[in-house]
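Enquirer: build the 3D model from these lines:
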Amino acid sequence: MPVNEAGPADSWWSQAVVYQIYPRSFADSNADGIGDLQGIVEHLDYLCELGVDVLWLSPVYPSPHDDNGYDISDYQDIDPLFGTLADFDRLLAAVHDRGMKLVMDLVVNHTSDEHPWFIASRDGGPGGPLRDWYIWRSARDGMEPGTPGAEPNNWGSFFSGPAWAYDEASGEYYLHLFSPKQPDLNWENPAVRQAVHTMMRWWLDRGVDGFRMDVINLLSKTPGLPDGAVHEGSRYGDGSPHYICGPRVHEYLAEMHREVFENRPRKLLTVGEMPGVTVEDARLFTDPARREIDMVFQFEHVGLDQGPGGKFDVRPLKLTDLKASLGRWQAGLGDTGWNSLYWNNHDQPRVVSRFGDDSPAYRDRSAKLLATVLHLHRGTPYVYQGEELGMANAPFTSIDDFRDIESLNHHRDQTALGVDEEQILAALRRRSRDNARTPMQWDATRHAGFTAGTPWIAVNPDHRHVNAKAQLADPDSVFHYYRRLIALRHTEPALTHGDFHLLHPGHQRLYAFTRRDPASGTELLVLANFSAADLPVGLPDGWEHGEMLIANVPATTSLKGTHILRPWEARVHRRDV
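Expert: Numbers count the residues shown, from 1 in each chain. Okay, here's the model as predicted:
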């Protein structure tokens, strides 16, 4: 059956919940301080108890790990840090034996500079057989190659500095939108696309169930690679209008679908990570009739708490902005497209510290509230490892505590500008990707049960009271609340097929909406108090006798007139329509 033969709401993944594993930080089976494939195998029953349907593995391919595995040096093997291909096959079989599916991370906007393709492209020089597998350009006219400002254009890298690296041997520059060790592939070259398709088919033939596609909307660049606008306070031009959803990206994804996914006997999942994507773009990418991908990761809602200076320019979140953003995506993809629903992933800080309240008084309650709001939207929810425990941001005290290249580069650049050290660290503590990458908290022992060795990055000290072992034993824990929400996703038709109607869009503390499904004759009402104070709520007509499905605090089963929501309270009611 071709992917997406039916509409999105009729596809198997519309009722599924995906769990993202960051293998380096999930579970270490051999005491080297780094998580591995066998460690995942040893915890599959935990994931079965949680009830998730799909596991998404962040990259486990061979890599120099300049960007923790998103710089791949061999697409068709497993990094020895994580195990072997035989270990991967055992993991895949164990996942399938438990009725779950496994999705791989696909990183094909760029490779590592240690990939054989790039080595041949670089060493062959201009005119070499693989030179145009990457994006090489000469220095600006009239400028000395290798000198500041001689780069082919003024684009900045996502990871600080220019987006071009100079190769002295050939006298040319190559493009890297991320690290210099992550050169961009040239998707204009049909041979590159064919090689990627061949690799993808190899993994599907091995039995994987789909791909999460890293920055997949950056594949196509504007011909000529023109300069970008230089915004106030920036040294470099903003090249994003010339590579976000570029002129041939839909062509590339449609070709990928035809060459890789069309007429496969198994039902697969494709989700594209797409920074800067708009609702209008996403409608095209996810329209089943266009046969491109199933759903997208958009970044709009996770950029609402940052100022004009970027992700480390931290600003308070306005709930009205969050509701407007998510509501716009619900409406925009409500008929033909499909949403990915997420708060956390390996690139985002922990949501209970970000949009919730991680104080001892309200940590569990706000973690449950955030889960309720997310999982009751229309789309496929993604749970990032530890989110189901309410894991929080780490108390990093010095730059030596950080490992992430983006954070280290930001610290270096801000220090060079004379910014106060504590100001830099305060922003990193709030927004660094390392917050998501501290080890999974399995128990209260020294390294949280993650490793018997020395972990590659320190365990959050709060693991002594926030850990899986304790929560499995507590029926009122965040873990068991997630388990009940996931069960609802599997059994409540209104969550899959119901429309979405936002209530009180201008309210600063209340997040409320309904999900109505005439086919099943049900409507759901979601109420959530995003504050640490009691909140009186005027109820919509007809909800006095609605059945309570789930609540994050002990609650009466009925609603009356004006209801008082307690601090960080969330509840879901159902009625017949």
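Enquirer: only C-alpha atoms from now on, for both contacts and neighbour counts.
Expert: Will do.
Enquirer: in the protein, where's the longest helix?
Expert: Taking DSSP state H as the criterion, the chain has its longest helix at helix 190-206.
Enquirer: any residues touching the helix or strand following that one, and which ones?
Expert: Sequence order places strand 210-213 as the next helix or strand after helix 190-206, per DSSP states H and E. By Cα atoms under 8 Å, 6 or more residues apart in numbering, the residues outside strand 210-213 that reach it are 56, 102-108, 204, 268-273.
Enquirer: can you do 7 Å?
Expert: With Cα atoms under 7 Å, 6 or more residues apart in numbering as the test, strand 210-213 has contacts from 103, 104, 105, 106, 107, 268, 269, 270, 271, 272, 273.
Enquirer: how far out from the middle of the chain is that strand?
Expert: With Cα atoms, centre = their mean, to the nearest Å as the basis, strand 210-213 stands 12 Å off its chain's centre.
Enquirer: same check on stretch 197-204?
Expert: Remark: stretch 197-204 is offset 23 Å from the chain centroid, using Cα atoms, centre = their mean.
Enquirer: how about the CA coordinates for it, as CSV?
Expert: What follows is stretch 197-204, C-alpha atoms only, in CSV (Å, rounded to 0.1, in the frame of the first residue of the first chain):
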residue,chain,number,x,y,z
HIS,A,197,17.6,7.0,-2.0
THR,A,198,19.7,3.8,-2.2
MET,A,199,20.7,4.2,1.4
MET,A,200,17.1,4.8,2.5
ARG,A,201,15.9,1.7,0.7
TRP,A,202,18.7,-0.3,2.4
TRP,A,203,17.4,0.7,5.9
LEU,A,204,13.7,0.0,4.9
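Enquirer: switch to numbering from 565
Expert: Taking 565 as the first residue, the last one we looked at is stretch 761-768.
Enquirer: pull out the buried positions in it.
Expert: Residues 761, 763, 764, 767, 768 are the ones in stretch 761-768 that count as buried (16 or more other Cα atoms under 10 Å).
Enquirer: mind listing what the first one touches?
Expert: Residues counted as contacts of residue 761 (Cα under 7 Å, 6+ apart) are 820, 823, 824.
Enquirer: tell me the most packed of those, by neighbour count.
Expert: Within the contacts of residue 761, most neighbours by other Cα atoms under 10 Å means residue 820, with 20 neighbours.
Enquirer: which residue packs closest to it, ignoring adjacent ones?
Expert: Spatial nearest neighbour of residue 820, chain neighbours left out: residue 761 (6.7 Å); criterion: Cα to Cα, 6 or more residues apart in numbering.
Enquirer: do residue 765 as well
Expert: Closest to residue 765 by Cα to Cα, 6+ apart is residue 824, at 5.9 Å.
Enquirer: tell me the phi and psi of the one you found?
Expert: Backbone torsions for residue 824, taken as degrees, to the nearest 10, come to phi -110, psi -40.
Enquirer: how many neighbours does the nearest residue to residue 727 once chain neighbours are set aside have?
Expert: In space, and not counting its chain neighbours, residue 727 is closest to residue 721: 4.4 Å by Cα to Cα, 6+ apart. Other residues lying near residue 721 total 20 when counted by other Cα under 10 Å.
Enquirer: next: residue 615.
Expert: 21.
Enquirer: need phi/psi at residue 973.
Expert: phi -70, psi -40.
Enquirer: which residues touch it?
Expert: Residues in contact with residue 973 (Cα under 7 Å, 6+ apart) are 723, 724.
Enquirer: which pLDDT does the model give it?
Expert: Among the per-residue scores, residue 973 holds a pLDDT of 90.
Enquirer: with residue 936 instead?
Expert: Here the pLDDT value assigned to residue 936 is 98.
Enquirer: neighbours of it, just the number please.
Expert: Using other Cα under 10 Å, residue 936 has 23 other residues around it.
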